[in-house]
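[1] Curious how this folds, go ahead:
(one chain, ligands or ions: 2)
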Amino acid sequence: MIVASDKHERFNEAPSPTWQRQLSSAIRDPHELCQRLGLSEAWLPGARKGHQLFEVCVPDAYLSRIAHATPDDPLLRQVLPLGDEAVSAIGYVTDPLEEAEHRPARGLIHKYAGRVLLIASPNCAINCRYCFRRHFPYSDNSPSRAEWQDALQYLRDAPSIHEAILSGGDPLAANDRQLAWLVGELEKIPHLKRLRIHTRLPVVIPDRVDSALLDWLGTTRLQKVMVLHINHANEIDQAVIDACTRLKAAGVTLLNQSVLLRGINDEVETLATLSERLFEAGVLPYYLHVLDPVQGAAHFDVPDDEARTIVTQLREHLPGFLMPRLVREVPGEASKTPL
Ligand SMILES: *Cc1c(COP(=O)(O)O)cnc(C)c1O
Ligand code: SF4
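    Ligands and ions are numbered 1, 2, ... in the order given. Reported below is the predicted structural model:
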């Protein structure tokens, strides 16, 4: 998959990198997903129904960490569509974060002081069933080079902004040529100090952390932070640890955010193991988000009281530096809101 968003890029004749081939051959069919994992036919009707609302996408590298014939596998639960997704629940909406109101330029979301989100790719390498972007109007938000100009001008004119956060979708689903160009433009803006990348790709397809990525990431003058998205210790296999090691060698500070999810990581021991395993991979826990109330995800919800109890107990198991901050995103607030 080569994303040719403007003329220059059509001259890219090089064979596509291995991660792009892995992404194009990801499982995108609910029947194939059930078959590959040895799930009984009973799961198919629900999987088909959920798939119609938000399509299945699971690359092999992630599938390989899911146990066979185990319907409650914590990684499977993140990617297997269910009939429950068609159930509507009060308060669960299609744009829970009201981001549509904070877009001063195409591809740019400015909600918090000192930092902005840039929607660097509309695509993801995996479709997480609880995702708050499952209804996001992506097609409006993936600018080409010419279309980035307004966002870049906005940043040049805003000296209070010190940090650009590449987001998406998943920003690392964009090709390295596009990303290197964008980061090159960002680093010309003198008041920008930091580049942050919010991505799940190094977890989903660890081969994404290849030499082309490390080339632009390792050479930018900006300080680099990468916030990974890992919800369960089983997501961290040796390939993920190796990818983290390469990122750290390129000078990247690694953090992780998780979403607290019913049936996946809503137990103290599971979260403690996740923090320990993250640290073994060189990653520090950052946020533990409560679920955003997005339509189709209500079955993943953990009520606030229970979330607080879990985190209070977690504190008794972990050193302070391995404790994620329990937060919620409240539209209109100036930061994430601690619970
Ligand atoms: C979450 C978020 C950020 C980053 O917030 P931090 O607390 O700095 O991690 C920035 N902009 C938007 C729009 C966000 O949703
Ligand atoms: S990788 Fe992130 S943005 Fe993409 S589907 Fe998963 S949670 Fe959503």
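
[2] Against Pro96, how distant is the closest residue to Asp210 other than its chain neighbours?
    Spatial nearest neighbour of Asp210, excluding adjacent residues (CB to CB, 6 or more residues apart in numbering): Pro17 at 5.8 Å. Placement of C-beta: from N, CA and C, glycine included. With distances taken as CB to CB, to the nearest Å, Pro17 is found 34 Å from Pro96.

[3] ok, these two, which is more surrounded?
    The residue with more neighbours, out of Pro17 and Pro96, is Pro96; 20 against 17, by other CB atoms under 10 Å.

[4] On the three-state scheme, Ala180 is what?
    Three-state assignment for Ala180 (DSSP: H, G, I helix; E, B strand; the rest coil): helix.

[5] residues in contact with the closest residue to it other than its chain neighbours?
    In this structure, Ala180 finds its nearest non-sequential neighbour in Trp216, 3.8 Å apart by CB to CB, 6+ apart. Trp216 makes contact with 176, 179-180, 183-184 under the criterion CB atoms under 8 Å, 6 or more residues apart in numbering.

[6] repeat for Ala250
    By CB under 8 Å, 6+ apart, the contact set of Ala250 is 214, 217-218, 224.

[7] Also Val327?
    When contacts are counted by CB under 8 Å, 6+ apart, Val327 touches 287-290, 336-339.

[8] Would you mind listing what in the stretch 1-150 of the chain touches ligand 1?
    Selection of the stretch 1-150 of the chain residues close to ligand 1 by CB under 6 Å from any ligand atom yields 109, 111-112, 115, 117.

[9] TSV please, covering the residues you listed and showing neighbour count and pLDDT.
    Shown next, in TSV, are these (neighbours: other CB atoms under 10 Å; pLDDT from 0 to 100):
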residue	neighbour count	pLDDT
Ile109	21	94
Lys111	19	95
Tyr112	16	97
Arg115	16	98
Leu117	22	96
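
[10] which among the residues you listed gets closest to ligand 2?
    Leu117 (11.9 Å; CB to the nearest ligand atom).

[11] name the helices or strands packed onto the helix or strand where the closest one lies?
    Secondary-structure assignment from DSSP states H and E places Leu117 in strand 115-121. With contacts taken as 3 or more CB pairs under 8 Å, 6 or more residues apart in numbering; DSSP states H and E, strand 115-121 sits against strand 108-112, helix 145-156, strand 163-168, helix 176-187.

[12] gap between the residue in the stretch 201-339 of the chain that ligand 2 sits nearest to and ligand 1?
    Per CB to the nearest ligand atom, His229 is where the stretch 201-339 of the chain lies closest to ligand 2, at 5.6 Å. Taking CB to the nearest ligand atom, to the nearest Å as the measure, His229 falls 12 Å from ligand 1.

[13] List the contacts of the nearest residue to that residue once chain neighbours are set aside.
    Spatial nearest neighbour of His229, chain neighbours left out: Arg200 (4.3 Å); criterion: CB to CB, 6+ apart. Each residue near Arg200 by CB under 8 Å, 6+ apart is listed here: 124-126, 128, 170, 228-230.
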